[in-house]
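1. Okay, here's the prediction I keep looking at, along with the sequence it came from:
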Protein chains: 2
Amino acid sequence: MAGTKIRNMEEFAKLSGISRPTVSKYFNDPDSVRASNRIRIEAALERYEYRPNIYAMNQNRKLTKNIGIVVPLLSDPYFAEIARNLEQRCIAAGYRPSLFSSHGDPVLEVQVLDTLRSLKPVGVLLAPLGRASNPKALEKFCNDVPTLIFDSSVDEIGLAFVGSDNFQFTAHITDYLCRTGEPPCFFEMKTPANPNAHRRRQSYVNAMERFGYKPDVISVGGEGWGLEEIGRLGGHEALRKGWFSTNTILCSNDRLAIGLLTACYEQGALVGRTADSTIRVAGQDGHPHSRYTCPPLTTISHDYDAVSQTAAETLFASIEGKMSPWKSTRLEGKLILRDSA
Amino acid sequence: MAGTKIRNMEEFAKLSGISRPTVSKYFNDPDSVRASNRIRIEAALERYEYRPNIYAMNQNRKLTKNIGIVVPLLSDPYFAEIARNLEQRCIAAGYRPSLFSSHGDPVLEVQVLDTLRSLKPVGVLLAPLGRASNPKALEKFCNDVPTLIFDSSVDEIGLAFVGSDNFQFTAHITDYLCRTGEPPCFFEMKTPANPNAHRRRQSYVNAMERFGYKPDVISVGGEGWGLEEIGRLGGHEALRKGWFSTNTILCSNDRLAIGLLTACYEQGALVGRTADSTIRVAGQDGHPHSRYTCPPLTTISHDYDAVSQTAAETLFASIEGKMSPWKSTRLEGKLILRDSA
DNA sequence: ACAGTTATTTAACGCGCGTAAAATTAGTCA
DNA sequence: TGACTAATTTTACGCGCGTTAAATAACTGT
């Protein structure tokens, strides 16, 4: 503001009347300098609006402040929401997050990891693609860069794993459905991209057997991340061919359920728990959109906030030297009762 | 792979038998070195897997290869999709994109711009928050960094503007609705975040008057970016109080329409164009989710690909020196007929 | 094979800041 | 006030690469 543009830290230090190394210390941790100096630096900062050159900063530093956030598919509002949450936590903790999406493509995932490497991050929060991921590339990356895996686990790689407790998810909602009506069939993809799907199917089977019912799993075809369309097409086929053995359908996830609801609508099947309804549909995930389906979708929701908080704090602790052995944290979900089941 | 880890370009140059400045040239543009040398470098690259240090690269360079992409709300699949598209185009053109979201918050938007500045990007693709944006901060940023504005325009700032032709959008779908049933009312937010909303309302009014109908605009309250909920709550109120003067409702955008559909469902109003339906609902945007509403939403869709392509190519041209005066490009949308109207 | 052009090599400087060591100063407490 | 400790200043080097200028080598067409 005050006329001259500051070119570097040297000039800024001179203008604020403080030595450059102290100013440098200040930028790396404002609390590491004496209060009187901090005040003078911040006063000068107001007047001259100088920012250290991040390239020069990071070049000759052992540890950057960068944190990479990688999600498999940013156009899925679930991941977008998690990413937003993580991003804010990183900023609040004084790190510089950068966001990446694999866009559902394993080749891109490897590419993203490669890009990330060149950023020399102190840590990475990674939600892998899952089944499609290149396991060797993932493992190699985790060996080079402190990485916390979240959402979907891949062996015991990285610093730790944080995600939802898929067994609890499915057991809980299966229990609810059994108590309130006919026991559910399970609607899923034949070859799901996300390994959580297998846990959910298994949990469904376990729960049904525990209740003394016969499990009925309907697996539909389709590849990739267009889950709504897979659910819709699979739903049409299943409805037409009478694959559903009961009037209650538990979907492996909300996006599949959204597609199934569309299929039901298109076939004139009334979904809900009212007397005139012919079918009940439930999802799993607590997808941001699930509130707005018709009827609104009964589901079991991730604890978004707890997942991101646990993931972020575990990574921060590890970065700050509070190392701990590999650990898997799985958080419970909350049942959200709406009109669909 | 071959044993030793390469520390810097000097070492890599030695191992590949080529001088460092030539290797440096190669990395800035592989085609700028003699073919024989390019082949030798690439061979060495295979064997030793060396990557230049991006911090050292960017520090002493006048122009980086960085491009910033900023969207107002990444958890909106529309913006997520546009961002994905832009990102891929940047990579294909040899740039390094980094993605940011303002998360609907004007304070964050300014913060993002500030972060972006320190990245010293050669160019930025910016979709502003709109009404909530800090216009001074935006203008200042555009003066400092070559910025192309997309999606929603803010005066004549930046290199150029690329977006959809909101007048065409609304005129086109209003025309369709008038020809196929009762003329529509217009359902919108009282204080929309996005300035495109005003164009759409205006276009609706114009179109109705052109057809000799009386326009009827229903503006509902609510702030922020939770458009589905605003549409749902506003929809409930409008339905209860009989604010809709005809059986056809054109929504200012798809997310509002999705909320309105939920309200209709919750009040037992049958939406569609069949004989037994009591109400027709149409949206605008071609939101990724609009296919899966019940009934599937009739809408007019952005030409995602054309918008991103035009935006990216305009920016690239400007970066590469092919400067041109400020220009506004507005692309037409395509009507997508589905069951809701 | 030769002159003419273009690309490469050599040598060297600088970018802006992190960081370390030694000298100095400011703050603390009795 | 003095002795002690913690913070700051001074000085200086190095990070890895961009970039330039001059010297040299490699291609081009004839």
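-> Looks like it came in fine. Residues are numbered from 1 along each chain as shown, chains lettered A, B, ... in the order given.
2. What segments of chain A are strands?
-> Assigned by DSSP state E, chain A shows strands spanning A:66-71, A:96-101, A:123-126, A:147-150, A:160-164, A:185-189, A:217-220, A:248-251, A:280-282, A:299-301, A:328-331, A:334-336.
3. I'd guessed A:F186 sits against A:V220; true?
-> No: checked against C-beta atoms under 8 Å, the pair A:F186 and A:V220 is beyond contact range at 11.3 Å. Quick note: C-beta positions are derived from backbone N, CA and C, even for glycine.
4. picking that back up, which one, of the strands of chain A, ends up nearest to A:S32?
-> strand A:96-101 (18.4 Å; C-beta to C-beta).
5. Contacts for that closest one, please.
-> By C-beta atoms under 8 Å, 6 or more residues apart in numbering or on different chains, the residues outside strand A:96-101 that reach it are A:64-75, A:79, A:83, A:86-87, A:90-91, A:112, A:115-116, A:119, A:121, B:74, B:84, B:87, B:98-101, B:115.
6. A:V217 reaches A:C185, doesn't it?
-> Yes: under the contact definition of C-beta under 8 Å, A:V217 touches A:C185, with a separation of 7.3 Å.
7. Tell me which of those two has more neighbours.
-> For A:V217 and A:C185, the more surrounded residue by other C-beta atoms under 10 Å in any protein chain shown is A:C185, and the numbers stand at 22 against 13.
8. wait, doesn't that one sit right on A:I249?
-> Yes: when contacts are counted by C-beta under 8 Å, A:C185 is listed as touching A:I249 (5.5 Å).
9. Could you list the buried residues of stretch A:313-323?
-> Neighbour counts using 16 or more other C-beta atoms under 10 Å in any protein chain shown place A:T314, A:L315, A:F316, A:S318, A:I319 of stretch A:313-323 among the buried residues.
10. same question, stretch A:48-68
-> A:48, A:50, A:52-59, A:64-68.
11. likewise stretch A:194-214?
-> Applying a neighbour-count criterion of 16+ other C-beta under 10 Å, the buried positions in stretch A:194-214 are A:N194, A:P195, A:N196, A:A197, A:R199, A:R200, A:R201, A:S203, A:Y204, A:V205, A:A207, A:M208.
12. what is the mean pLDDT for it?
-> Average pLDDT, stretch A:194-214: 95.
13. What pLDDT is listed against the residue in the stretch 101-250 of chain A that DNA strand D sits nearest to?
-> Using C-beta to the nearest atom of the strand, the point where the stretch 101-250 of chain A gets nearest to DNA strand D is A:S118, with a distance of 9.9 Å. In the predicted model, A:S118 carries a pLDDT score of 93.
14. same thing with the one 4 residues further on?
-> Reading off the per-residue confidence, A:V122 sits at a pLDDT of 95.
15. Backbone dihedrals for the residue in the stretch 151-300 of chain A that DNA strand C sits nearest to, both of them.
-> Of all residues in the stretch 151-300 of chain A, the one sitting closest to DNA strand C is A:L159 (22.0 Å; C-beta to the nearest atom of the strand). A:L159 has phi and psi values of phi -70, psi -40 when expressed as degrees, to the nearest 10.
16. Test my guess that it contacts A:F316.
-> No: contact criterion C-beta under 8 Å: A:L159 and A:F316 do not qualify, at 10.9 Å.
17. And chain A, split by domain according to the record?
-> Chain A breaks down into these structural domains: A:9-52, A:66-163+A:304-330, A:166-301 (assignment by automatic domain parsing).
18. Just list whatever residues bridge to the closest residue to A:G286 other than its chain neighbours.
-> With C-beta to C-beta, 6 or more residues apart in numbering or on different chains as the criterion, A:G286 has its nearest non-adjacent residue at 2.2 Å, and that residue is A:S301. Note on A:S301: beta-bridge partners A:D285, A:K334, judged by DSSP bridges.
19. Can you report how many residues neighbour A:S301?
-> With other C-beta under 10 Å as criterion, A:S301 counts 19.
20. Please tell me the pLDDT value assigned to A:T4.
-> The pLDDT attached to A:T4 in the predicted structure is 65.
21. re the thing from before, can I get the domains of chain A in TSV with distance to B:S328?
-> Written out in TSV, the entries for the domains of chain A read as follows (distance: least, C-beta to C-beta, whole Å):
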stretch	distance to B:S328
domain A:9-52	32
domain A:66-163+A:304-330	27
domain A:166-301	33
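22. between those domains, which gets nearest to B:L233?
-> In terms of C-beta to C-beta, the element of the domains of chain A nearest to B:L233 is domain A:166-301, at 11.9 Å.
23. Quick check: end-to-end length of that closest one?
-> 11 Å (C-alpha to C-alpha, to the nearest Å).
24. How about stretch A:293-312?
-> The straight-line separation of the ends of stretch A:293-312 (C-alpha to C-alpha) is 31 Å.
25. Same question for stretch A:44-58.
-> Between where stretch A:44-58 begins and where it ends, there is a gap of 23 Å, by C-alpha to C-alpha.
26. Report whether that stretch contacts DNA strand C.
-> Yes: looking at stretch A:44-58 against DNA strand C by C-beta under 7 Å from any atom of the strand, the contacts come from A:P52, A:N53, A:A56, A:M57.
27. Among those, name the ones in helices.
-> A:A56, A:M57 (DSSP state H).
28. still on that earlier bit, let me have the buried residues of stretch A:194-214 in a markdown table, adding distance to DNA strand C as columns.
-> Putting the buried residues of stretch A:194-214 into a markdown table (distance: C-beta to the nearest atom of the strand, whole Å) gives the following:
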| residue | distance to DNA strand C |
| --- | --- |
| A:N194 | 39 |
| A:P195 | 39 |
| A:N196 | 40 |
| A:A197 | 44 |
| A:R199 | 43 |
| A:R200 | 46 |
| A:R201 | 49 |
| A:S203 | 48 |
| A:Y204 | 52 |
| A:V205 | 54 |
| A:A207 | 53 |
| A:M208 | 57 |
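29. Could I get the residues you listed in JSON lines, plus columns for distance to A:Y292?
-> Formatted as JSON lines, the entries for these read as follows, by distance: C-beta to C-beta, whole Å:
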{"residue": "A:N194", "distance to A:Y292": "23"}
{"residue": "A:P195", "distance to A:Y292": "28"}
{"residue": "A:N196", "distance to A:Y292": "23"}
{"residue": "A:A197", "distance to A:Y292": "24"}
{"residue": "A:R199", "distance to A:Y292": "27"}
{"residue": "A:R200", "distance to A:Y292": "23"}
{"residue": "A:R201", "distance to A:Y292": "27"}
{"residue": "A:S203", "distance to A:Y292": "27"}
{"residue": "A:Y204", "distance to A:Y292": "26"}
{"residue": "A:V205", "distance to A:Y292": "31"}
{"residue": "A:A207", "distance to A:Y292": "28"}
{"residue": "A:M208", "distance to A:Y292": "30"}
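30. Show residues contacting stretch A:269-278.
-> For stretch A:269-278, the surrounding residues in contact (C-beta under 8 Å, 6+ apart) are A:180-181, A:239, A:247, A:261, A:264-265, A:279-281, A:295, A:339-341.
31. Could you list the buried residues of it?
-> Neighbour-count burial for stretch A:269-278, with 16+ other C-beta under 10 Å as criterion, is recorded at A:A269, A:V271, A:G272, A:R273, A:S277.
32. what about the fourth one, distance to DNA strand D?
-> Distance, A:R273 to DNA strand D, by C-beta to the nearest atom of the strand, to the nearest Å: 63 Å.
33. So what does that residue have for phi and psi?
-> Here the main-chain torsion angles of A:R273 (degrees, to the nearest 10) amount to phi -120, psi 20.
34. Check the last one too.
-> When quoted as degrees, to the nearest 10, the phi and psi of A:S277 stand at phi -80, psi 150.
35. What's the separation between it and B:S324?
-> Computed as C-beta to C-beta, to the nearest Å, the A:S277 to B:S324 distance reads 60 Å.
36. again with the fourth one
-> In this structure, A:R273 and B:S324 are 60 Å apart, going by C-beta to C-beta.
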